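>>> pasting the sequence and the predicted model now:
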Amino acid sequence: MLLHIIPIIAGLHPVRLAAAFCIYSVLGWCMESAYMSFCNRRLTNRGFMKSPFCPIYGVGALAGYFLLKGFAGNLFLLYFAGALSATAFEYLVGRLMLKLFGEVWWDYHEKPFNYQGLICLESTIAWGFYAVIIIGFLHGIVMKYASWYTYGMGLMILRAVLLIVLIDFFWHLLAALHVDMAGKKDRLVEKCRSLLHI
């Protein structure tokens, strides 16, 4: 139901956008986890959640596509627009995380040319290449696969994935916000017992 009340963006069906978001989020998790596993010389889950899913990559890829697709005809401009906009996005997300959680889940302090450990030149260079790859090549393939999720079994799988991801995300969000879920559950049980005089 929720998938059908999301506004249609740029003529795309909202279910296709939701599917593309999932695909980009999984691809982002794979890329990030593989890179960090290589750096750490051991398997590393770089996701915020338990599931193999990095929502920031889903949001970033789709937002980047809609913001930057006008540069698709000029790879030079696309590279620089992608590098600058993604770096700004990374910085804003980092500041938001500091405000909400008191920490950021990445740290560039040891990287050369970093600013507050939130952004660095190395990542900025990489974001430009990602923009070129996503807009110039990957987005068409992702949307082709995303169209499979608009009907039948594909739609059922998409709904199940989104439900699992939402539960996983909010569970870990509450943990990151230091909400005592076990304590809340115990208090709820006690309140129910007192109301029922058990």
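Everything's here; your move. Numbering: from 1, shown residues only.

>>> quick one: contacts for the residue most central in space within the chain?
Taking CA atoms, centre = their mean, the centroid of the chain lies closest to Pro55, which sits 1.7 Å from it. Residues in contact with Pro55, defined by CB atoms under 8 Å, 6 or more residues apart in numbering, are Phe21, Ser25, Phe48, Val165, Phe169. Any C-beta I mention is one placed from the backbone N, CA and C, and that applies to glycine too.

>>> for the second one, grab the count of nearby residues.
This means Ser25. Ser25 has 25 neighbouring residues, counting by other CB atoms under 10 Å.

>>> what residues are up against the nearest residue to Gln116 once chain neighbours are set aside?
Ranked by CB to CB, 6 or more residues apart in numbering and with sequence neighbours excluded, the top spatial neighbour of Gln116 is Gly94, at 7.8 Å. For Gly94, the residues meeting the contact criterion (CB under 8 Å, 6+ apart) are Val104, Trp106, Gln116, Leu118, Ile119.

>>> closest one of these to Ala160?
Minimum separation from Ala160 among the contacts of Gly94 (CB to CB) is found for Trp106, which lies at 29.8 Å.

>>> so that closest one sits in a helix?
No: inclusion of Trp106 in a helix is not indicated when DSSP: H, G, I helix; E, B strand; the rest coil is applied; the result is coil.

>>> quick one, phi/psi of it?
phi -150, psi 160 (degrees, to the nearest 10).

>>> give the contact list for it.
By CB under 8 Å, 6+ apart, Trp106 lies in contact with Gly94, Leu118.

>>> roughly how far apart are it and Gly70?
As defined by CB to CB, to the nearest Å, Trp106 lies at a distance of 29 Å from Gly70.

>>> can you pull out the helices in this protein?
Listed in chain order, the helices of the chain (DSSP state H) span residues 2-5, 14-40, 55-68, 75-101, 121-133, 139-146, 152-176, 181-196.
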